[in-house]
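Q: Task: produce atomic coordinates for the following.
(chains A, B and C)
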Amino acid sequence: MNLIVLLTDFGWKDGYAGILRGVIWNIAPQVTVSDLTHDIPPQNIFQGALALGRAAPYFPAGTIFLGVVDPGVGTGRRPIAARFGSQYYVGPDNGLFTLLLEEAERHGQGIEMVHLTRPQYWLPKISNIFHGRDIFAPAAAHLALGIALAQMGETITDPVRLHLPAPVRSPEGWQGEVIHIDAFGNLATNLRSEHLQGRGQIEVRIAEITIRGMVRSFGEGAPGQYVALIDSSGALSICQVNGSAERSLEIGLGALAQVVFIT
Amino acid sequence: MNLIVLLTDFGWKDGYAGILRGVIWNIAPQVTVSDLTHDIPPQNIFQGALALGRAAPYFPAGTIFLGVVDPGVGTGRRPIAARFGSQYYVGPDNGLFTLLLEEAERHGQGIEMVHLTRPQYWLPKISNIFHGRDIFAPAAAHLALGIALAQMGETITDPVRLHLPAPVRSPEGWQGEVIHIDAFGNLATNLRSEHLQGRGQIEVRIAEITIRGMVRSFGEGAPGQYVALIDSSGALSICQVNGSAERSLEIGLGALAQVVFIT
Amino acid sequence: MNLIVLLTDFGWKDGYAGILRGVIWNIAPQVTVSDLTHDIPPQNIFQGALALGRAAPYFPAGTIFLGVVDPGVGTGRRPIAARFGSQYYVGPDNGLFTLLLEEAERHGQGIEMVHLTRPQYWLPKISNIFHGRDIFAPAAAHLALGIALAQMGETITDPVRLHLPAPVRSPEGWQGEVIHIDAFGNLATNLRSEHLQGRGQIEVRIAEITIRGMVRSFGEGAPGQYVALIDSSGALSICQVNGSAERSLEIGLGALAQVVFIT
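A: As a prediction, the model looks like this:
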């Protein structure tokens, strides 16, 4: 356990994520600290959960994810640490880790969760504003040093869970929605390859446009063309080849995406 | 001394900060290099000083801060390296490190400062444009290798000091100003918890609004509400719960913030 | 070979670059991974090539550059790995590494290039969308582990080469163009110090303005003044002292820049 990966909504400009590193290295000088992203939209637990869900499976066993999207800081929400399968998570108990927890449950992997209650693993002085610095970073650092979860707090079994918008079966196919838009402007929906499996050709309707059929890569479309494809995380996505579907279609998170089975 | 932390106004997009890393690793391959931020507004020494002042105390003894906000590059301004207490600083002599210097002075910690004058610790070829790459990064790397400050240049005792805007005592309380706005849009003033200590209830006036009393955490306010609180660095801040006070109040750096003692 | 440096057009917000790190550390846990930039404009191979060309010479021998600006992902374009002199490159065969290749050729350094064709050095499952994750990151990690280039694929000698816009000799001097604009708004042209050597005074004409003579550093101009100088990468640049020439002149990539020899 020599790797701590940071995900926050702090942005990059103020150095807040740098402060987390300082705190970690003060306690565990040997640990490698890496950024996943600090651009989760402020207080947007759902987008944070998605980003962690996409990335965590690619990291080594033993990786510790320190996730801080924490609108409830300073209130009664619990600080927690957890092990799902072979990876570790430290952050607020607000659903940020739901996708990884449920993935571990689906695969019958070992799950441990504790309410962080032992101040000897925190900074000496705790603000009501920045538990990332004062509680979560030091807890993650102690975890990296080999302190057991059970030593850092009381076991819990009732973590807050995030409810993801599920696609709805329609007479003609599925109705889903855009749940993630990446820096390229690709529109990822909550429809996944599983929803389309065993079906013939489909049509995707979004905004004012209809896309007939799917491509397997961007190169199958002409520049500027809208295409539907299964993206690298397994989601049905609407993309514009060498362009931004987000900007061209003027579409945001939550926009409806309809799939129609046409054969 | 195995950790170099970078703070610059280079932005992230051009790879200039990456070049600093390359230069460092060429000289000191074992050193860990970490970003604090590269989003200091161009040439804004004051914002750079604030970011360093907030973050440095959380880093381990022996950390080397490489700070490059350097509008005077290529002119007579001196390149310097310094030790304040247990930490090291390398960069232009323009006030970027004033807050840390004064903190060390207040605590009676050891202080060493040198004018970097020995080219054997720089790159062989020095541009007039990019001393971050040609002088400061190599100097920081040599420091990490264990070269003494005194070997790298001549002692100085007259560094350029930055003058921070001080809050002014008013008949009713204090008049301060907004000195930092973070990515969340929280407005940090130059008033600190010390200015309010021992006082009863206060009122904060900023832009068109008046906030009565203070909260200890965001969760004590309703979403959208403006609150005043002592932020994680000890500054009186005006925030909008789950929102951006900066955008909602249409306020920028330098805006006046008034504190009135009402009991 | 213990250092992998990332350059992509992924942006920072989605954690895609973090995923590359996870993949690398799964295969080569000891390797240091560093960001050069992830802000290359989407699909802009030329800007990616320039950023690599500026930075690579400052990195140590043995550095592995993992470059992913890859509009042709999932098509016939080849995945490649290469050694130019003492450094390594992994990414799509689309010209992204041309500048470094030509630099090595000019200096008569050793050159090896292979078409990556051995799936045992990739992730088990390959998407058509994200070869950065599925092919390039694992290949770079294996390279870091000491696998020879020749083991990872077939030698090629016909890499795709990028053609850079060359400046044109005019009766009065040179006609060049703006090829890079950095975060400060400095306008770098394709004219280099070599084009001006041995000449007396020059005039630079760009947009509506004429700049007579050159400065050696920003400090030689007054704040707000437009100056021409040789920047830190050797390019003739038009800059505004303590300002943004890009914003003030409302100029973009490709804008013409004329040099007139006046003495």
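Q: What strand or helix carries the closest residue to A:P71 other than its chain neighbours?
A: In space, and not counting its chain neighbours, A:P71 is closest to A:Q43: 4.1 Å by CB to CB, 6 or more residues apart in numbering or on different chains. To be clear about C-beta, it is placed using only N, CA and C from the backbone, and glycine gets the same treatment. According to DSSP states H and E, A:Q43 maps onto no helix or strand at all.
Q: Identify the residues contacting the closest residue to A:T263 other than its chain neighbours.
A: Of all residues not flanking A:T263 in the chain, A:G200 sits nearest, at 3.5 Å (CB to CB, 6+ apart). Taking CB atoms under 8 Å, 6 or more residues apart in numbering or on different chains, we find A:G200 in contact with A:F261, A:I262, A:T263.
Q: what separates the closest residue to chain C within the stretch 151-263 of chain A from C:S193, distance-wise?
A: For the stretch 151-263 of chain A and chain C, the shortest gap (CB to the nearest CB) falls at A:S217, measuring 2.4 Å. Distance, A:S217 to C:S193, by CB to CB, to the nearest Å: 43 Å.
Q: Please identify which of those two sits among more neighbours.
A: Neighbours per residue (other CB atoms under 10 Å in any protein chain shown) separate A:S217 from C:S193, with A:S217 holding more: 17 against 11.
Q: Distance check, the more buried one against A:I230.
A: As judged by CB to CB, A:S217 and A:I230 stand 10 Å apart.
Q: Give the residues shared as contacts by these two.
A: With contacts defined as CB under 8 Å, 6+ apart, the residues adjacent to both A:S217 and A:I230 are C:I129.
Q: Count the residues that sit near the residue of chain A at minimum distance from chain B.
A: Of all residues in chain A, the one sitting closest to chain B is A:G74 (2.4 Å; CB to the nearest CB). Residues lying near A:G74 (other CB under 10 Å) number 19.
Q: can you give me the helices for the stretch 51-200 of chain A?
A: With DSSP state H, counting those that start in this stretch, the ranges of helices along the stretch 51-200 of chain A come out as A:98-106, A:131, A:137-144, A:149-152, A:193-196.
Q: quick one: the longest one to chain centroid distance?
A: Taking CA atoms, centre = their mean, to the nearest Å, the mean C-alpha location of helix A:98-106 is offset from the chain mean by 12 Å.
Q: neighbouring contacts of it?
A: By CB under 8 Å, 6+ apart, helix A:98-106 touches A:49-50, A:52-53, A:56-57, A:82, A:84-85, A:87, A:89, A:110-111, A:159-162, A:164.
Q: could you dump that helix to CSV, C-alpha only?
A: What follows is helix A:98-106, C-alpha atoms only, in CSV (Å, rounded to 0.1, in the frame of the first residue of the first chain):
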residue,chain,number,x,y,z
THR,A,98,-21.1,3.6,-4.0
LEU,A,99,-20.1,2.4,-7.5
LEU,A,100,-17.0,0.6,-6.2
LEU,A,101,-18.9,-0.8,-3.2
GLU,A,102,-21.6,-2.2,-5.5
GLU,A,103,-19.1,-3.6,-7.9
ALA,A,104,-17.4,-5.4,-5.0
GLU,A,105,-20.8,-6.7,-3.8
ARG,A,106,-21.6,-8.0,-7.3
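Q: buried ones in it?
A: By neighbour count on 16 or more other CB atoms under 10 Å in any protein chain shown, the buried set for helix A:98-106 is A:T98, A:L99, A:L100, A:L101, A:A104.
Q: With the fourth one instead?
A: By neighbour count on 16+ other CB under 10 Å, the buried set for helix A:149-152 is A:L149, A:M152.
Q: which stretches of the stretch 1-150 of chain A have low pLDDT?
A: Along the stretch 1-150 of chain A, segments meeting pLDDT under 70 span A:1.
Q: residues in it within reach of chain C, list them.
A: Selection of the stretch 1-150 of chain A residues close to chain C by CB under 8 Å from any CB of the partner chain yields A:2-3, A:5, A:7, A:12, A:34-39, A:51, A:54-56, A:58-60, A:63.
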